[in-house]
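> got a predicted structure plus its sequence, pasted below:
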There are 2 protein chains.
Amino acid sequence: MDGQAKVISFEPTCLPMEMTIEAAREPLIVRALRGDVVERTPVWLMRQAGRYLPEYRAIRAEHSFMETCRTPELAAEVTLQPIRRFGVDAAIIFSDILLVIDAMGAEVTFSDRGPAVGRPIRTAGDVRKLGRVEPERDLPYVAEAIRATVASLPEGVPLIGFAGAPFTLLTYLMEGKGERAVSAARAFLMREPDLADELLGLLADAVTVHLVAQVEAGARVVQLFDSWAGSLQPGLWERFAARYSRRVFEGLRHLSVPTIYFVRCAADHLLHLTEAGADAYSVGWLCDLSWARSVLGEGIPIQGNLDPAVLLTRPELIRDEVDRVIAAGGCRGHIFNLGHGVLPQTDPEMVRVLVEAVRESSSRIC
Amino acid sequence: MDGQAKVISFEPTCLPMEMTIEAAREPLIVRALRGDVVERTPVWLMRQAGRYLPEYRAIRAEHSFMETCRTPELAAEVTLQPIRRFGVDAAIIFSDILLVIDAMGAEVTFSDRGPAVGRPIRTAGDVRKLGRVEPERDLPYVAEAIRATVASLPEGVPLIGFAGAPFTLLTYLMEGKGERAVSAARAFLMREPDLADELLGLLADAVTVHLVAQVEAGARVVQLFDSWAGSLQPGLWERFAARYSRRVFEGLRHLSVPTIYFVRCAADHLLHLTEAGADAYSVGWLCDLSWARSVLGEGIPIQGNLDPAVLLTRPELIRDEVDRVIAAGGCRGHIFNLGHGVLPQTDPEMVRVLVEAVRESSSRIC
């Protein structure tokens, strides 16, 4: 491997701590997330396993979404599909951020119209009825799916575990859907901050044990999705979203796996983003990656941020946009990804073009 | 009036140009939009006429949305409702941003599930089938509603005319709805920039004549809504959203009415926002108004930006948040508004609390 060859060319006594032979054996994405100089920019895509792939649709034709999540062989198979097809640099376990709140008693169901929460939170009593999560008892299929996936992954391709961030899970626990749920969540934070703290504390605990179990089962990287945090004014974002995400990251520190915090690229949130306490930050396509980097600080690894709509265009446009993102992301501490998930109407061939373009572009530009 | 009294206390020969007796007779919001020192912060609310008001629901129980827009007496009545109830500092004509593209031949219909476009744009042929808008022929009811409203407005309360910005209208012309339409629009800009230019040019022309007609009928201020521009990466935002909004504002310059450009507070768009060429900018609640002001520049009037979800809480919280926004917005060149429209589930009494709080707070803080 390139990385190993580079290390071996040094005098062993001159190696800095992070460039030991052991570190060089780590997967490319793990080294990039630690800020090491790497041989090329690693790439994986949010929602790289999903409806745009015919082999995924073939499985979903026979199994519901929940059944696919809860059957380790199916979840592992779906997780591996984009690895086989595109050879991306990381797999992400096929699962859903709402399984945790379902395990807490929220009664989540999935249909064509999206997820629904059977027992939304309206009162303090509703919060206190939520159960604590014991991953081995409540979510055993996630760890099993991770073990099955890891056993089949090619060498050097790590598995990413993930969860929804506490604030984003809170929005799903509010009555209603979409904008109505998000405005209800914002009003709840302002109207009942103490109860919100109690609920977010419970969610942070549940998410932490869920992620610890994923790492113990074999996940080498962890990503926390805070998709709805972008709907908060800066004061509320710091007080409720960043604070409880930081609690989750602190609860993972002893595991020494790199952590990534995903947010859309909302306004001046970025000025304070590192308060969330992750190792790296994944940002939406709304901001220029060089601006994001200048705001976050040079030493902070950053992930992103191609607009998923670029994959609805043509190969030459995809290559141009990849060049732009690689140049803006810089050659150190950048993990290539989309700014949001792969769109269902995407042609899988365009994803192949993208992955090849990232390899070619990062070798050429860096 | 306070403003007039202040002017009269000066020696006439000492008055700067913008403080002539004539200027002092202008409505409070017009003076604030010109950056004048004013006696208190003006306030109006996006979607201040709407479903949260029982008197609006009473009208809508008997008339469809489209019928209400197209019947001047009904549109004027609905426009006046929040003026009578709250005494806000401006009215905004009751209408819809999609009436223009309906007049161009897009066949817009409204139902409980939102608007639908009967003839979406897929090809160059579709773009060329769009008609030019002649307001007197195609949208006569808007000018009539404006004249009827202006005749009934209290002295000192001006009427705001509005339209959708070209890029935001383009998203509605794409097939599909919500995220699917917006990602289709982004892909369209990248894939077919020449056709996008042609379409955005047609839309800018239609929007310009529509707004000119509104001003000629009596609108004293104009606001351009670019709600979907916040979904664009910075390069596309400048190339397609800002550019064609600027074309609209340039087409209004000879009218000497203050213009406002509304965007959500997306990422680093704000760094380049003034490229849109408006007189003032209305921003979403996602950014801190003092940050927005520092980025836009001291001399640029700014409108916003209370989170509409604050109105779902309690009077004392509303007052606290109003104080925060007034302090952040500063005492000159600030028009108080929400960061987005009034939510349908809002209690009208909380709107009254808000309007009174803005008056009290701006008198106390400024």
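Nice, thanks for sending it over.
> report the beta-bridge partners for the residue nearest to the spatial centre of chain A.
For chain A, the residue nearest the mean C-alpha position is A:Q223 (3.6 Å; C-alpha atoms, centre = their mean). With DSSP bridges as the criterion, A:Q223 is bridged to A:F162, A:I260.
> per-residue confidence at it?
A:Q223 is assigned 98 on the pLDDT scale.
> for A:I83, see how far away it is.
The gap separating A:Q223 from A:I83 is 17 Å, by C-beta to C-beta, to the nearest Å. Where you see a C-beta, it was placed from the backbone N, CA and C, and this is true even at glycine.
> same question for A:A91.
From A:A91 across to A:I83, the span is 5 Å (C-beta to C-beta).
> these two: which has the busier surroundings?
It is A:A91, of A:A91 and A:I83, that has more neighbours when counted by other C-beta atoms under 10 Å in any protein chain shown, with 27 against 21.
> what's whichever helix or strand A:R247 is part of packed up against?
Element membership for A:R247 (DSSP states H and E) is helix A:243-250. When contacts are defined as 3 or more C-beta pairs under 8 Å, 6 or more residues apart in numbering or on different chains; DSSP states H and E, helix A:243-250 packs onto helix A:166-173, helix A:193-217, strand A:221-225, strand A:259-263.
> hmm, try it at 7 Å
Applying 3 or more C-beta pairs under 7 Å, 6 or more residues apart in numbering or on different chains; DSSP states H and E, one finds that helix A:243-250 makes contact with helix A:166-173, helix A:193-217.
> pLDDT averaged over the shortest one - what is it?
Right, helix A:166-173. Over the span of helix A:166-173, the pLDDT mean works out to 96.
> list the contacts of it.
For helix A:166-173, contacts defined as C-beta atoms under 7 Å, 6 or more residues apart in numbering or on different chains pick out A:97-98, A:100-101, A:106, A:117, A:120-121, A:181-182, A:185, A:199-200, A:203-204, A:207, A:225-229, A:240-241, A:244-245, A:248.
> for PyMOL, what selects the buried ones among those residues?
Command for PyMOL, covering only those of the contacts of helix A:166-173 found buried under the criterion 16 or more other C-beta atoms under 10 Å in any protein chain shown:
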select buried, chain A and resi 97+98+100+101+106+117+120+121+181+182+185+199+200+203+204+207+225+226+227+228+229+240+241+244+245+248
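> tell me the contacts of the residue lying closest to A:I92 once chain neighbours are set aside?
Counting by C-beta to C-beta, 6 or more residues apart in numbering or on different chains, the nearest residue to A:I92 once its immediate chain neighbours are dropped is A:I160, at 4.2 Å. Residues in contact with A:I160, defined by C-beta under 7 Å, 6+ apart, are A:A90, A:A91, A:I92, A:A219, A:V221, A:Q223.
> now the first one: how far from A:G164?
This points to A:A90. Counting by C-beta to C-beta, the gap from A:A90 to A:G164 is 19 Å.
> now do A:V209
Where A:G164 is concerned, A:V209 sits at a distance of 14 Å (C-beta to C-beta).
> who's more crowded, these two?
Here A:V209 and A:G164 are compared on neighbour count by other C-beta under 10 Å; more neighbours surround A:G164, at 25 against 18.
> the more buried one contacts A:I97, doesn't it?
Yes - contact criterion C-beta atoms under 7 Å: A:G164 and A:I97 qualify, at 3.1 Å.
> now list whatever residues contact both of those two.
Common neighbours of A:G164 and A:I97 (C-beta under 7 Å, 6+ apart) are A:F225.
> tell me the most buried of the helices and strands packed on helix A:243-250?
Mean neighbour count (mean count of other C-beta atoms under 10 Å in any protein chain shown) peaks for helix A:166-173 among the helices and strands packed on helix A:243-250, with a mean of 26.
> how far off centre is the helix or strand following that helix?
For helix A:166-173, the following helix or strand on the C-terminal side (DSSP H and E) is helix A:178-191. Its chain's average C-alpha position is 24 Å from that of helix A:178-191, according to C-alpha atoms, centre = their mean, to the nearest Å.
> kindly report the same for stretch A:41-60.
On the basis of C-alpha atoms, centre = their mean, stretch A:41-60 sits 14 Å off its chain's mean C-alpha point.
> equivalent analysis for stretch A:128-138, please.
How far stretch A:128-138 lies from its chain's middle: 23 Å, per C-alpha atoms, centre = their mean.
> straight-line length of it, end to end?
End-to-end distance of stretch A:128-138 (C-alpha to C-alpha, to the nearest Å): 18 Å.
> any buried residues in that stretch, and which?
A:L130, A:V133, A:P135, A:D138.
> again with stretch A:347-354
For stretch A:347-354, using 16+ other C-beta under 10 Å, the buried residues are A:P348, A:M350, A:V351, A:V353, A:L354.
> and what of stretch A:275-287?
A:A276, A:G277, A:A278, A:D279, A:A280, A:Y281, A:S282, A:V283, A:G284, A:W285, A:L286, A:C287.
> hmm, back to that, what is the most widely separated pair among the contacts of A:I160?
A:A91 and A:Q223 (12.1 Å; C-beta to C-beta).
> who's in contact with the residue in the stretch 1-150 of chain A positioned nearest to chain B?
As assessed by C-beta to the nearest C-beta, chain B sits closest to A:G114 within the stretch 1-150 of chain A, at 11.2 Å. Contact analysis of A:G114 by C-beta under 7 Å, 6+ apart lists A:K177.
> next, give phi and psi for it.
Note on A:G114: its backbone torsions stand at phi 100, psi -180 [degrees, to the nearest 10].
> now do it, the pLDDT please.
Confidence for A:G114, expressed as pLDDT, is 86.
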